[in-house]
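*Asks:* Okay, sequence plus prediction incoming.
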Amino acid sequence: MTTRPPERIEGDGVVLRRPRAEDGEALAGAVAASLEHLRPWMAWADDEATTPERRAAYLERCDAGWEDGSDFAFLVLDGHERTVLGGCGLHRRVGPRGIEIGYWVHVDHGGRGVATALARALTGAALALPDVDRVEIHCDAANVRSAGIPHRLGYRLDRIEDDEVSAPAETGRSMVWVRT
């Protein structure tokens with residue numbers, strides 16, 4: 001049986017919460033403000049990223065992932081839960097007993113420890129799951145800022161592997177960071 005993390009997780013100055021339909025406008029605003037910042041590294045950060053159709057489809061996928069236990073998306077909010085600071089998730093796509101962390105941060109909140117705080121909170125939640133022994137963070141070898149997060153949190157660089165280039169700044173070499 002697949003276990004699930006809590007739908008709300010508190011971290012160092014951030015709250016991670018499962019997105020709801022009423023979050024759509026705030027999420028779209030955060031993505032729109034950050035689009036040029038995200039475009040080099042995120043395949044989904046394109047001109048259609050904030051359309052109502054794309055937003056609705058994303059929220060439907062979020063619900064489906066929670067329901068089937070394969071993917072757990074979270075909004076990253078400030079401690080008062082008023083401002084969207086980014087998005088993150090736990091993804092069951094790295095094999096048995098493993099889970100992958102993914103994240104992005106609003107352009108106005110980068111460099112302030114938000115990514116480190118959310119990744120720390122997700123790491124703790126993931127390792128608390130009884131069916132998870134291994135947490136991974138993947139990032140392109142050229143994404144130095146993103147690679148700093150797992151390094152700061154005590155992950156070890158397990159390998160660098162060839163990967164498909166899906167965003168403009170990617171090199172096709174993915175770093176796979178692991179914590180057990």
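*Replies:* Looks like it arrived, so ask away. Numbers count the residues shown, from 1 in each chain.
*Asks:* Distance from the chain centre to the longest helix seen in the chain, please.
*Replies:* When the chain is parsed with DSSP state H, its longest helix is helix 52-68. A distance of 15 Å separates the centroid of the chain from that of helix 52-68, by C-alpha atoms, centre = their mean, to the nearest Å.
*Asks:* So which other helices or strands are in contact with it?
*Replies:* helix 24-38, strand 71-78 (3 or more C-beta pairs under 8 Å, 6 or more residues apart in numbering; DSSP states H and E). (Glycine included, C-beta is placed from N, CA and C.)
*Asks:* Mean pLDDT and mean neighbour count added to those, as CSV?
*Replies:* Output for these, formatted as CSV (pLDDT from 0 to 100; neighbours: other C-beta atoms under 10 Å):
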stretch, mean pLDDT, mean neighbour count
helix 24-38, 95, 17
strand 71-78, 97, 22
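*Asks:* Mind listing what's buried along the longest helix of the chain?
*Replies:* 55, 58-59, 62, 65-66 (16 or more other C-beta atoms under 10 Å).
*Asks:* quick one: which of these is nearest residue 45?
*Replies:* Among the buried residues of helix 52-68, residue 58 lies closest to residue 45 (C-beta to C-beta), at 12.3 Å.
*Asks:* Residue 73 versus that closest one, what's the distance?
*Replies:* For residue 58, the distance to residue 73 equals 8 Å [C-beta to C-beta, to the nearest Å].
*Asks:* cool, residue 154 as well?
*Replies:* 25 Å.
*Asks:* now residue 4
*Replies:* 12 Å.
*Asks:* which residues do the two both contact?
*Replies:* Contact with both residue 4 and residue 73 is made by residues residue 66, according to C-beta atoms under 8 Å, 6 or more residues apart in numbering.
*Asks:* what about residue 69, neighbour count?
*Replies:* Here the count is done by other C-beta atoms under 10 Å, and residue 69 has 13 residues near it.
*Asks:* so it makes contact with residue 92?
*Replies:* Yes - judged on C-beta atoms under 8 Å, residue 69 makes contact with residue 92 at a distance of 7.1 Å.
*Asks:* what about the helices in this structure?
*Replies:* Under the criterion DSSP H, the chain contains helices at 24-38, 52-68, 114-127, 144-152.
*Asks:* Quick check: which of those is nearest to residue 84?
*Replies:* Nearest of the helices of the chain (C-beta to C-beta): helix 24-38, 4.0 Å.
*Asks:* now for the closest one, which elements pack on it?
*Replies:* Going by 3+ C-beta pairs under 8 Å, 6+ apart, helix 24-38 lies up against helix 52-68, strand 84-91, strand 98-105.
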